[in-house]
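*Asks:* Test case, fold it:
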Amino acid sequence: MAVRKFWLINGNGQKFDLTDFKDGFLNNPAGLGFTATVTLTRLGNAQKLNSITDDLNNISGELLLKNNDDNALAYDAYTEFIKFASVLPLFLHYQTPAMSNYSFYREIVLGSIEKSEVDYETNLLRCNIVFTPLTMWRNDSLTTVVATAKKNTGKKYNLNRPYAYASAGYENITLNNNSPSSVPLIIEIEGECSNPAFSLYDQNGDVYGICRINGEFDYVYINSDDLEEEIKLSKDGAWLNNAVNYQDFSIAMPNKAYLTFCYLRPGKSGMKFTFADEFDGKISVSWRDEYASV
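*Replies:* Sure, this is the predicted structure:
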């Protein structure tokens, strides 16, 4: 019978299996659903929705650790687990039987863990455990759209990524966010370029994201994730210092559009890139679907 699987990956890339007793077993997992914080205004016999925010609820369960006759194995395993979980960042992965070639993960920290006596009947060390999430559930398969100057719509690029789609040219690039949440973007521009700029717009053509980077570069990298927010710029193969200072703040559209660090809205959006001079390199736009519960 197929079962759902859990595992942890720490900052050293080490894996701790929570599905069998190779490392440990997460018993009675809870907190895999979701709740939302809703603010309302009462209007007579009805209520107006002001806002709704998905909560980052704790995930809890019971960590079971194997033991031996002299009780040394379980307590050693407990100590090793604490060492493992202390190496950040820490990610909890979750896979159901329906997920054949992908899983979902969220960044977490170890919120609490109990350490009691070995259970006499089962000879297991039973530890109540709580994981505190830092992110929503994210698909571990990165969706990537690639645009080049060549008119070759439909061609696939070997990016060593699970999903890659192609767009021809640098205008009217289609991005489809299948999740119900706005998600961060990773934007990469590879090739010599001058004053690279982009706009992000919805199906009505309304712009909700803009950016212009002033200068000449051979590589541009923008990550809009709140936890990893970063700009990297390269010229003649060398990284430029204080890359955020190359942003053109004069194009800002307060209360209307993201500036530089853009999030992709749910559903279908369009994107357009422009340059001060001719550009014949490659543009990649990547994101992960994100959910409050999977």
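
*Asks:* got the buried residues for stretch 74-83?
*Replies:* Of all the residues in stretch 74-83, those buried under the rule 16 or more other C-beta atoms under 10 Å are 74, 77-78, 81. C-beta: built from backbone N, CA, C; applies to glycine.

*Asks:* mind checking how far it is from the chain centre?
*Replies:* 29 Å (C-alpha atoms, centre = their mean, to the nearest Å).

*Asks:* So which residues of this structure form helices?
*Replies:* 72-85 (DSSP state H).

*Asks:* what pairs with the spatially most central residue of it across the strands?
*Replies:* By C-alpha atoms, centre = their mean, the chain has its centre lying nearest to Arg138, at 4.9 Å. Going by DSSP bridges, Arg138 is paired in beta bridges with Tyr105, Glu290.

*Asks:* Ok, the one 5 residues further on next?
*Replies:* The residues listed as beta-bridge partners of Thr143 by DSSP bridges are Tyr163, Trp287.

*Asks:* Was I right to think Ile213 contacts Phe249?
*Replies:* No. Look at Ile213 against Phe249 with C-beta atoms under 8 Å: they stay out of range, at 11.2 Å.

*Asks:* Between these two, tell me which one has more neighbours.
*Replies:* It is Ile213, of Ile213 and Phe249, that has more neighbours when counted by other C-beta atoms under 10 Å, with 23 against 9.

*Asks:* which one of the buried residues of stretch 74-83 sits closest to Arg4?
*Replies:* Phe81 (20.7 Å; C-beta to C-beta).

*Asks:* can you pull the contacts of the closest one?
*Replies:* When contacts are counted by C-beta atoms under 8 Å, 6 or more residues apart in numbering, Phe81 is found next to 16, 23-24, 63, 65, 113.

*Asks:* Next: Asn12.
*Replies:* By C-beta under 8 Å, 6+ apart, the contact set of Asn12 is Val87.

*Asks:* Could you pull up phi and psi at it?
*Replies:* Per-residue torsions, Asn12: phi -90, psi 0 (degrees, to the nearest 10).

*Asks:* Ends of stretch 9-22, what's the gap?
*Replies:* Stretch 9-22 stretches 15 Å from its first residue to its last (C-alpha to C-alpha, to the nearest Å).

*Asks:* Enumerate the positions of that stretch that are buried.
*Replies:* For stretch 9-22, the neighbour count (16+ other C-beta under 10 Å) marks 9-10, 16, 18 as buried.

*Asks:* again, but for stretch 51-62
*Replies:* For stretch 51-62, a neighbour-count test (16+ other C-beta under 10 Å) marks 54, 56-57, 59-62 as buried.

*Asks:* how about the closest residue to Phe273 other than its chain neighbours, what does it touch?
*Replies:* Spatial nearest neighbour of Phe273, excluding adjacent residues (C-beta to C-beta, 6 or more residues apart in numbering): Tyr170 at 4.1 Å. For Tyr170, the contact set (C-beta under 8 Å, 6+ apart) comprises 147, 149, 272-274, 279, 283.

*Asks:* Which one among those residues sits at the bottom for pLDDT?
*Replies:* Here the lowest pLDDT out of these sits on Ala149, with 76.

*Asks:* Surely that residue and Phe273 touch.
*Replies:* No. Look at Ala149 against Phe273 with C-beta under 8 Å: they stay out of range, at 10.8 Å.

*Asks:* Fine by me, thanks again.
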